[in-house]
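A.B. asks: sequence and predicted structure below; questions after.
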Amino acid sequence: MMNVGFRIKEDFPRLEDVVVRGFKGIPTPIIGDVMGRQRAMNHFIKSVNHSGTHVFGSAFTVRTHPSDNLLVHKAMDLAKPGDIIVIDACGDMGNAILGEIMCHYAKVKGIAGYVVDGPVRDLKGIADMGFPVFAKGGSPRGPYKEGPGEINTTISCGNVPVSPGDIVVGDDDGVIVVPKNDVPEVLQDAAALADKEDEIIKSIYDGDWDRAWVDEVLQKKGCVVYE
Ligand SMILES: O=C([O-])CC(=O)C(=O)O
Ligand SMILES: [Mg+2]
């Protein structure tokens with residue numbers, strides 16, 4: 001493909017809505033555990049607004065030049081309802097990549113949220129409107145609008161690869177990415193694990209949570225226990 005570093009792929013295939021909705025209410029730690037405890041973004045990519053956030057959708061990917069949001073403005077016009085715009089701003093903390101105006105526009109367009117490997121601004125405005133934004137932090141410094149950048153190529157965000165159409169889930173714990181082709185298996189395993197965790201919590205209160213495995217593992221690994 002031509003023009004590496006400054007190119008836009010307008011669209012990509014998404015999973016059916018009914019499949020994507022399967023992630024409703026599934027906490028990110030459960031999703032991570034059924035993927036080998038992998039594919040969660042680094043801890044510094046956090047919800048910047050109210051607690052209790054839980055958002056999921058198809059990844060619409062953007063790579064920006066550090067401190068520049070020209071390609072994010074284009075992404076807002078191209079993204080479809082339910083998409084989460086995931087932005088690889090190189091993790092650079094120079095200038096904010098988006099702010100409250102861009103959140104209002106995204107909200108009106110039905111975009112489900114933003115994930116930014118970089119800073120955002122207008123934190124109070126974003127919190128007041130409650131639009132889901134996950135970012136590395138905040139900065140009052142405004143973004144440049146020069147490019148270059150790419151839309152809908154595979155990016156890295158929070159040290160996790162993200163391709164267009166992958167499923168992104170964000171909550172108070174952080175953000176996790178499910179590769180598109182793995183979604184059916186992950187959904188099935190996550191439902192089973194959620195049931196299992198409910199049973200564990202019940203057994204704690206019933207006083208019969210089996211703790212034998214702790215000593216078994218310690219013994220197997222050669223740990224010496226003494227008084
Ligand atoms: O100036 C920008 O592009 C970002 C911003 O502050 C906003 O969206 O409110
Ligand atoms: Mg602003």
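C.D. replies: Ah, there it is. Ligands and ions are numbered 1, 2, ... in the order given.
A.B. asks: residue contacts, the nearest residue to Arg141 once chain neighbours are set aside?
C.D. replies: In this structure, Arg141 finds its nearest non-sequential neighbour in Asn95, 4.1 Å apart by Cβ to Cβ, 6 or more residues apart in numbering. All C-beta spots, glycine's among them, are computed from the backbone N, C-alpha and C. For Asn95, the contact set (Cβ atoms under 8 Å, 6 or more residues apart in numbering) comprises 66-68, 119, 139, 141-144.
A.B. asks: who wins for neighbours among those residues?
C.D. replies: With neighbours defined as other Cβ atoms under 10 Å, the most crowded of the contacts of Asn95 is Pro143; it has 27 neighbours.
A.B. asks: may I have the phi/psi pair for it?
C.D. replies: phi -80, psi 150 (degrees, to the nearest 10).
A.B. asks: which residues touch it?
C.D. replies: 67-69, 72, 95-98.
A.B. asks: for Pro81, see how far away it is.
C.D. replies: Distance of Pro143 to Pro81, computed by Cβ to Cβ, to the nearest Å: 25 Å.
A.B. asks: next one: Met129
C.D. replies: 17 Å.
A.B. asks: got it, and Arg141?
C.D. replies: From Arg141 to Pro81 the distance is 31 Å (Cβ to Cβ).
A.B. asks: what's the neighbour count on whichever residue of the chain sits closest to ligand 1?
C.D. replies: When scored by Cβ to the nearest ligand atom, the chain has Gly99 as its residue closest to ligand 1, at 2.5 Å. Counted by other Cβ under 10 Å, the residues lying close to Gly99 total 20.
A.B. asks: quick one, strands of the protein?
C.D. replies: With DSSP state E as the definition, the chain shows strands at residue ranges 6-8, 46-47, 54-64, 83-88, 113-120, 133-138, 149-151, 155-157, 160-162, 167-171, 174-178.
A.B. asks: hmm, back to that, wait, which of the contacts of Asn95 is closest to Glu10?
C.D. replies: Nearest to Glu10 among the contacts of Asn95: Asp68, at 20.1 Å, using Cβ to Cβ.
A.B. asks: which residues touch that closest one?
C.D. replies: Neighbouring residues of Asp68 by Cβ under 8 Å, 6+ apart: 95, 97, 143-147, 149.
A.B. asks: could you do Phe131 as well?
C.D. replies: So Phe131 contacts 49, 103-104, 106-107, 113-114 (Cβ under 8 Å, 6+ apart).
A.B. asks: over to Glu197?
C.D. replies: Counting by Cβ under 8 Å, 6+ apart, Glu197 touches Ile30.
A.B. asks: same thing but 6 Å
C.D. replies: With contacts defined as Cβ atoms under 6 Å, 6 or more residues apart in numbering, Glu197 has no neighbours.
A.B. asks: swap in Met102?
C.D. replies: Met102 neighbours (Cβ under 6 Å, 6+ apart): none.
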